[in-house]
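Peer 1: Fold the following, please.
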Amino acid sequence: MMELRSIFGAMGFAVAEGPLVESEWYNFDALNVPQDHPARDAQDTFFVRGAPHLVLRTHTSSVQVRYMEAMQKKGVAPPYRIISLGQVFRNEATDATHEAAFHQVEGLVIDKKGAITLAHLKGVLESFLSSYYCREIKTRFRPGYFPFVEPGVEVDMWHSSARGERWMEIMGAGMVHPRVLSAAGVDPSRYGGFAFGAGIERLVAVKYEIDDIRWFLSADLRFITQF
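Peer 2: Numbers count the residues shown, from 1 in each chain. You can find the predicted model right below:
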């Protein structure tokens, strides 16, 4: 996380933070996730007992709305350029690639409408990934659905390892949905931009060829002392 802060900091991104226990409004409604969306079901989300409208946040995307809302209240208009890093929680069936608790890095760039495009998103992500993996990284976009972006894309990177070369899905991204901007008090007719989110454990696992995400929460000193 310190390394990611350093890389994005050099690219002009500030760091924003948000709570781990989040309201349904910031975690779902403000991000264009309607009440009948599967992610709202109890089997997919940890709700707080005795507080039915509080959840353990399922993504760091809630920080997008909190940050933009706070800036609007201060009278600070875009451009905004932030990242948010932290732990998130989902009621997952754990396996080598899934955990109930993990970490994400979220990015948000908002500017005058039309000033920020998918080409800028691609440039930022390739610059970040190349810095993190210490080699030139190529990416490709595939159409993907995320309620809080439109259009949404799955981001693949060209990956070389002992197993060979292939395209590997590394994160989700897209252009911020107008409803998300409106929920944060930002006029979507005047402003727009992109957002992206990646699992930090996944980024690390690819870099160090770790084959099971469960090692990160194992507290096994044989794993930890390698780093």
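
Peer 1: Show me where this structure has its strands.
Peer 2: Taking DSSP state E as the test, the strands found in the chain are 14-15, 21-23, 47-48, 51-56, 80-89, 101-112, 139-143, 149-161, 164-176, 191-199.

Peer 1: Check which residues of stretch 174-188 are buried.
Peer 2: Buried residues in stretch 174-188, counted by 16 or more other Cβ atoms under 10 Å: Gly174, Met175, Val176, His177, Pro178, Arg179, Val180, Leu181, Ala183, Ala184, Val186. The way it works is simple: take the backbone N, C-alpha and C, and place the C-beta from them, glycine included.

Peer 1: Let me see the contact set for the closest residue in space to Gly174 that isn't next to it in sequence.
Peer 2: Computed as Cβ to Cβ, 6 or more residues apart in numbering, the closest residue to Gly174 that is not its neighbour in sequence is Val149, at 2.8 Å. Going by Cβ atoms under 8 Å, 6 or more residues apart in numbering, Val149 touches Ala173, Gly174, Met175, Val176, His177, Phe194, Ala195.

Peer 1: Could you tell me what pLDDT the model assigned to Val149?
Peer 2: Val149 is assigned a predicted lDDT (pLDDT) of 97.

Peer 1: pretty sure Phe46 is in contact with Leu56, am I right?
Peer 2: Yes: using Cβ atoms under 8 Å, Phe46 is in contact with Leu56, at 4.2 Å.

Peer 1: When these two are compared, which one has more neighbours?
Peer 2: Leu56 (20 against 17; other Cβ atoms under 10 Å).

Peer 1: Isn't the more buried one up against Leu20?
Peer 2: Yes: if you go by Cβ under 8 Å, Leu56 and Leu20 touch, sitting 6.4 Å apart.

Peer 1: which residues do those two both contact?
Peer 2: Contacts common to Leu56 and Leu20, judged by Cβ under 8 Å, 6+ apart, are Phe89.

Peer 1: The most centrally placed residue in the chain and Val63: what is the separation?
Peer 2: In the chain, the residue lying closest to the centroid (Cα atoms, centre = their mean) is Gly197, at 2.0 Å. For Gly197, the distance to Val63 equals 10 Å [Cβ to Cβ, to the nearest Å].

Peer 1: what residues are shared contacts of the two?
Peer 2: Glu106.

Peer 1: picking up where we left off before, mutual contacts of Phe46 and Leu56, please.
Peer 2: With Cβ under 8 Å, 6+ apart, Phe46 and Leu56 have common neighbours Phe89.
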